[in-house]
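Chemist: Test case, fold it:
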Amino acid sequence: MNATDRETLQRIVRAEMAGLPTTAHDAATGMPLTVVGFGADEVLAALDCMLTTRVTMGAEVRAFEAEWAAWCGRSEGVMVNSGSSANLLMLDALVELGRLKRGDEVIVPAVGWSTTLFPIVQAGLVPVIVDVHPESLCLDPAKARAARTARTKAVMPVHLLGQAADCDYDDLIVLEDACAAHGARHSGRRIGSIGDAASFSFFFSHHITTVEGGIIVTDDAALADAMRSLRAHGWVRERTDKARWIEQFPEIDSRFLFVSAGYNLRPTDMAGAFGRVQLRRLDAWVQQRRANHAEWCAALAGTPGITVFPELPGTDHAGFAFAMIVDGDRRPLMQKLEAVGIETRPISGSNLVRQPAFQRLLEHGSEVRIAGDLTVSDRVHERGFFVGNSHAFGSEHGRRLVDVVRG
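Modeler: So this is what the prediction gives:
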């Protein structure tokens with residue numbers, strides 16, 4: 001494509017996507033769970049990949065991995081096709097390296113997303129399900145420590161809806177599920193930089209998006225190499241130590257040299273290009289989400305029958321979504337909110353033990369341990385819900401939310 005044609009294409013895309021990403025949403029229309037967070041710059045970056053015909057995982061993915069890892073304060077990034085795949089890859093790579101073995105226990109909160117819990121089983125490990133803390137709705141640290149046995153080797157805290165979870169678990173392997181916590185902090189440290197590894201999601205509704213996509217960050221070069229093999233068929237192509245493998249197996253064509261029992265969890269280069277543009281927007285967007293969260297919590301504090309979850313001391317909340325728990329039946333309030341365009345959802349998968357998929361795990365003979373009661377998780381399951389938060393929302397959205405909740 002010559003320069004004139006490229007300029008014409010850019011003008012067309014910018015005209016078609018004028019006003020995007022959405023940065024100023026009209027509160028009078030309600031509060032959607034998400035607004036369109038990308039615009040012409042992202043589309044043109046993806047189109048550039050397509051026009052070169054280099055569309056599979058390549059230079060743009062590698063660049064985004066490095067930029068995201070640096071933003072998190074990590075040395076290694078391994079991009080995949082979803083946050084769910086990121087969780088599976090972290091666990092499977094630790095098994096691959098022998099740092100976890102089949103039958104080892106992994107502590108996980110009862111409240112989380114389905115693909116926080118189920119990859120533990122898929123990797124041949126044993127979930128130890130623990131209640132969440134009533135002030136954070138994240139894994140209760142005291143109950144998690146009490147749940148340990150000699151078989152417990154890892155813990156997977158979930159930074160739920162942007163709230164930073166405690167990650168201080170002594171000698172356990174700590175795997176942060178940060179899929180919805182871009183930009184959160186705990187004790188001054190950015191979420192994603194605390195545990196042995198951390199997963200993030202870039203789904204359409206998250207802080208930033210690659211449409212579908214996820215990433216794992218770590219400072220562990222061996223773990224990163226294991227994940228690079230596992231995400232792409234088990235081959236050596238993207239490993240930093242591939243020369244060692246090639247030398248060890250000279251009789252096998254190095255282009256098709258497989259060293260682990262891998263998957264295909266690769267992202268596209270269009271996703272990497274998308275993410276690189278999105279990352280430039282993230283800091284300002286998290287700042288606005290955090291301000292919204294603080295303002296809405298303050299406005300609803302003390303409202304009879306409603307519990308909200310302010311930012312805890314020593315943490316920065318990433319403001320992914322705004323959670324509430326109702327004293328009694330949540331459905332009337334959710335219906336009232338929905339009626340004026342304020343979308344609602346349950347709090348993540350709520351108590352995952354009460355999901356039918358959990359019962360199927362037991363029916364299929366999977367080993368699972370429930371450590372103690374799940375009182376708070378049951379309360380979340382029965383009475384909790386969230387509404388959306390966004391970089392494009394502001395004080396007027398908070399006033400509308402408060403008016404409906406209190407009305």
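
Chemist: CA atoms for contacts and neighbours, from now on please.
Modeler: OK.

Chemist: Which SSE is immediately downstream of the helix or strand containing Met334?
Modeler: The secondary structure element spanning Met334 is helix 331-339 (assigned by DSSP states H and E). The first helix or strand that comes after helix 331-339 along the chain, using DSSP H and E, is strand 344-345.

Chemist: Provide the strand pairings for that following strand, with the direction of each partner.
Modeler: Its sheet considered, strand 344-345 pairs with strand 384-388 (antiparallel) by DSSP bridges.

Chemist: re earlier: now do the helix holding Met334: which elements does it pack against?
Modeler: Packed against helix 331-339 by the contact rule (3 or more CA pairs under 8 Å, 6 or more residues apart in numbering; DSSP states H and E) you find strand 344-345, helix 395-406.

Chemist: Which residue comes closest to Leu88 once chain neighbours are left out?
Modeler: Counting by CA to CA, 6 or more residues apart in numbering, the nearest residue to Leu88 once its immediate chain neighbours are dropped is Pro119, at 4.9 Å.

Chemist: ok, now Leu312?
Modeler: Closest residue to Leu312 apart from its sequence neighbours, by CA to CA, 6+ apart: Ser136 at 7.5 Å.

Chemist: for that neighbour, what are its contacts?
Modeler: The contact partners of Ser136, taken as CA atoms under 8 Å, 6 or more residues apart in numbering, are Gln163, Ala165, Phe309, Leu312.

Chemist: now the one helix or strand Phe274 maps to against helix 395-406, angle please.
Modeler: In this assignment (DSSP H and E), Phe274 forms part of helix 269-300. With axes from the mean of the first three to the mean of the last three CA atoms, to 10 degrees applied, the angle from helix 269-300 to helix 395-406 works out at 60 degrees.

Chemist: name the helices or strands packed onto helix 269-300?
Modeler: Where contact means 3+ CA pairs under 8 Å, 6+ apart, helix 269-300 is packed against helix 40-52, helix 59-72, strand 306-308, helix 395-406.

Chemist: I'd like the ones you listed as CSV, with mean neighbour count, distance to Leu125 and mean pLDDT appended.
Modeler: Conversion of the helices and strands packed on helix 269-300 to CSV gives the following (neighbours: other CA atoms under 10 Å; distance: least, CA to CA, whole Å; pLDDT from 0 to 100):
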stretch, mean neighbour count, distance to Leu125, mean pLDDT
helix 40-52, 18, 38, 97
helix 59-72, 20, 27, 98
strand 306-308, 19, 34, 98
helix 395-406, 16, 42, 98
